[in-house]
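Peer 1: requesting a structural model of the entry that follows:
(2 chains)
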Amino acid sequence: MDDFISIKGISKKYGNTYIIKDMSMSIPSGRIIGLLGDNGIGKTTFLRLLGNLQQPDEGEIRIEQTPVSQMNVKDIVYLLEPANIFDWMKVKDSIAFYRDFYEDFDAEKALRICREFGLDSNVRISRLSKGSKEKVCLMLAFSRNAKLYLMDEPLGGIDPTLKKNIKMFILENIPADATIIMATHLLKDLEVLLDQIIIMGAGKIIYVDTDEIRETRNQSIDEYYSEVMENAADN
Amino acid sequence: MLQIIKWESIKQLHRLKWLILGFALILLTLSLLPTSWGKSENYASEFVLMLFSMFMMLGTLGLALYPMYNMISDFRRQTYTMERITGKSHIAVFLSKIIMNLAVFLLAAGLVYAGTTLMDRFSTNTMHYFMFTANKPYWAIMLEMVLLYPAIFLFCYISASTNRLFRNHRMIGTLIGIAVISIIASFFHLSGTVYYIAGLIVGITLIITAGRMADKHFEQHIYNY
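Peer 2: Below is the predicted model of the structure:
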């Protein structure tokens, strides 16, 4: 499979502290990738670099051979956090906003997802619970038809019923060749979904197939992650 | 661009709706009251008219300062991402905001004119209520309120935000920048057509420069906490 994302020697520092240092990897298309690591380790920064919301200090990221810095940020789906949405909007206003700015946004699909999630499109965002706001964010993201979806903690406040069905929801609502990179701590809920994982903060970046962990090491992703982090702490 | 203007106008409406509604209710009330009501030496009517005057004074001040807030309002961190991921260029957004500033200015001018006219009916020899008298030509006020002051404020804010020294103290950096520009401006004594042309050139240049700076550097710095 051709590389969809090519990352070559990227570094990013805040002040004098490196958040990401000399990171290189190739990510094929059509994969769901978990981005794991402790808080503050650089997962959000990495997603922002991939989404062209920030640029690396060194190195380069290419998506389908095109440098990310030359791409329009609107070509990539970036999952919003609940606080990112104007709270004066009604759910249907947020749909109209996306419809106006993204050619790949499917408003009918958005309304269908609203019904599936039990969201009333006439309700003001400010009146929704945190979990419902997260559903709005998911609805907006998954109503687009893109090749790359970047998600930072997508299921933090989602209710257990939706979490149970999230695998089916994601698989039904993204194009087959789309790549999803999601930063998450909810390994138990999401590990069945993940094709690969990237672990940050273990002294190095670990990028591994989940099949290898399950079949060769006979471990769950959660167990593998805990082992890696414990080993890193011991060293 | 039309979509940007559409959503900018919706945003302005949401922010200003209560102020506009307040003005509208007061103006409606004033237009329905008989002129004699304010001249009846009735303390209650004086008190109500003073309250109305106070609201209109503060409201006018708010509308005068609003264009400057409008220019930097998107950079509030929480909702910035929703706008930024649409890929809109900052310059296009800023120019849309200038159009909105013009709309707000015209609205404010209409409200102030109506308020002054209606309040004047109740003035007596000893009591004057809300009134507005311009100390410079209306075109100059319009240029300054719609373009020049908002552009200076925006430029200073973006400069401060993208400067390592001030990025965590953006408003302090902005005020220092405004002070520096004010000192520089005090050396120039322009008037008439030259003032209008210079004001337009400076305003548009600052908007474009701020837009380019924001496109290239704002995210790089703003998440560097």
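Peer 1: enumerate the residues of chain A near chain B.
Peer 2: By the rule C-beta under 8 Å from any C-beta of the partner chain, the part of chain A lying against chain B is A:14-15, A:45, A:48, A:51, A:53-55, A:72-75, A:78, A:80-81, A:83-86, A:88, A:93, A:97, A:100-102. Backbone N, C-alpha and C define where each C-beta goes, glycine included.
Peer 1: mind checking which of those are in strands?
Peer 2: A:14, A:78 (DSSP state E).
Peer 1: please narrow the residues of chain A next to chain B to those residing in helices.
Peer 2: Using DSSP state H, A:45, A:48, A:93, A:97, A:100-101 are the members of the residues of chain A next to chain B that sit in helices.
Peer 1: pull the most distant pair out of these.
Peer 2: A:45 and A:93 (30.4 Å; C-beta to C-beta).
Peer 1: picking that back up, out of the ones in helices among the residues of chain A next to chain B, which end up buried?
Peer 2: Among these, those classed as buried by 16 or more other C-beta atoms under 10 Å in any protein chain shown are A:45, A:48, A:93, A:97, A:101.
Peer 1: and the pLDDT for the first one?
Peer 2: Just to be clear, that refers to residue A:45. As predicted, residue A:45 sits at a pLDDT of 87.
Peer 1: tell me what the one helix or strand residue A:169 maps to is packed against?
Peer 2: Using DSSP states H and E, the element containing residue A:169 is helix A:160-173. For helix A:160-173, the packing partners by 3 or more C-beta pairs under 8 Å, 6 or more residues apart in numbering or on different chains; DSSP states H and E come out as helix A:107-117, helix A:130-142, helix A:187-190.
Peer 1: quick check: which of the ones you listed is nearest to residue B:101?
Peer 2: Judging the helices and strands packed on helix A:160-173 by C-beta to C-beta, what sits closest to residue B:101 is helix A:130-142, at 29.5 Å.
Peer 1: what's the angle from that closest one to helix A:160-173?
Peer 2: Angle between the axes of helix A:130-142 and helix A:160-173 is 0 degrees (criterion: axes from the mean of the first three to the mean of the last three C-alpha atoms, to 10 degrees).
Peer 1: average pLDDT for the following helix or strand past helix A:130-142?
Peer 2: Using DSSP H and E, the helix or strand that directly follows helix A:130-142 along the chain is strand A:148-152. Computed over strand A:148-152, the mean pLDDT rounds to 90.
Peer 1: so where do the strands sit in chain B?
Peer 2: Under DSSP E, chain B gives no strands.
Peer 1: spatially nearest residue to the closest residue to chain B within chain A (excluding sequence neighbours)?
Peer 2: Proximity of chain A to chain B (C-beta to the nearest C-beta) peaks at residue A:74, 3.5 Å away. Spatial nearest neighbour of residue A:74, chain neighbours left out: residue B:87 (3.5 Å); criterion: C-beta to C-beta, 6 or more residues apart in numbering or on different chains.
Peer 1: for residue A:13, same thing?
Peer 2: The shortest distance from residue A:13 to any non-neighbouring residue, by C-beta to C-beta, 6+ apart, is to residue A:57 (5.9 Å).
Peer 1: might you list the low-confidence residue ranges for chain A?
Peer 2: By pLDDT under 70, the weakly predicted segments of chain A are A:1-2, A:156-157, A:202-203, A:235.
Peer 1: show me which residues of stretch A:18-25 are buried.
Peer 2: A:19-21, A:23.
Peer 1: how many other residues sit next to the residue in chain B that chain A sits nearest to?
Peer 2: Nearest to chain A in chain B, going by C-beta to the nearest C-beta, is residue B:87, at a distance of 3.5 Å. Applying other C-beta atoms under 10 Å in any protein chain shown, we find 15 residues neighbouring residue B:87.
Peer 1: need the contact list for the closest residue in space to residue B:26 that isn't next to it in sequence.
Peer 2: Nearest-residue entry for residue B:26: residue B:52, 5.0 Å, with adjacent residues in sequence omitted and distances by C-beta to C-beta, 6+ apart. By C-beta atoms under 8 Å, 6 or more residues apart in numbering or on different chains, residue B:52 lies in contact with B:26, B:29-30, B:119, B:129-130.
Peer 1: in helices, which of the residues you listed fall?
Peer 2: Cross-referencing the contacts of residue B:52 against helices under DSSP H gives B:26, B:29-30, B:119.
Peer 1: of all these, which two lie farthest apart?
Peer 2: B:29 and B:119 (11.4 Å).
Peer 1: ok, back up a step: which among the residues of chain A next to chain B end up buried?
Peer 2: A:45, A:48, A:51, A:53-55, A:73-75, A:78, A:80-81, A:84-86, A:88, A:93, A:97, A:101-102.
Peer 1: show me the domain layout of the chain.
Peer 2: In the absence of a named chain, chain A is used. As assigned by automatic domain parsing, chain A contains the domains A:29-54+A:65-76+A:148-235, A:81-145.
Peer 1: that's the other chain; I wanted chain B
Peer 2: Split by automatic domain parsing, chain B gives B:1-90+B:100-133, B:135-225.
Peer 1: tell me which of the ones you listed lies nearest to residue A:192.
Peer 2: Among those, domain B:1-90+B:100-133 sits nearest to residue A:192 (C-beta to C-beta), with 28.6 Å.
Peer 1: please compute how far the closest one lies from its chain's middle.
Peer 2: The chain centroid and the centroid of domain B:1-90+B:100-133 are separated by 11 Å, computed with C-alpha atoms, centre = their mean, to the nearest Å.
Peer 1: equivalent analysis for stretch A:211-225, please.
Peer 2: On C-alpha atoms, centre = their mean, the centre of stretch A:211-225 falls 21 Å from the chain's centre.
Peer 1: ok, residue A:67 touching residue A:60?
Peer 2: Yes: Residue A:67 lies in contact with residue A:60 (C-beta atoms under 8 Å); the separation is 5.9 Å.
Peer 1: what residues are up against the residue nearest the centre of chain A?
Peer 2: Central residue of chain A (C-alpha atoms, centre = their mean): residue A:151, 2.1 Å from the mean position. Counting by C-beta under 8 Å, 6+ apart, residue A:151 makes contact with A:47, A:79, A:141, A:180-184.
Peer 1: recalculate using a threshold of 6 Å.
Peer 2: A:79, A:182 (C-beta atoms under 6 Å, 6 or more residues apart in numbering or on different chains).
Peer 1: can you get me a residue count around residue 13?
Peer 2: Just so you know, I chose chain A. 15.
Peer 1: oops, wrong one, chain B.
Peer 2: Neighbours of residue B:13 using other C-beta under 10 Å come to 12.
Peer 1: what of residue A:173?
Peer 2: 21.
Peer 1: residue A:142 is in contact with that one, correct?
Peer 2: Yes: at 4.1 Å, residue A:173 counts as touching residue A:142 under the criterion of C-beta atoms under 6 Å.
Peer 1: still on that earlier bit, report the two of the buried residues of stretch A:18-25 separated the most.
Peer 2: A:19 and A:23, at 10.1 Å, using C-beta to C-beta across those.
Peer 1: per-residue confidence at the residue nearest to residue B:114 when sequence neighbours are not counted?
Peer 2: Nearest residue to residue B:114, sequence neighbours excluded (C-beta to C-beta, 6+ apart): residue B:27, at 5.3 Å. Note on residue B:27: pLDDT of 91.
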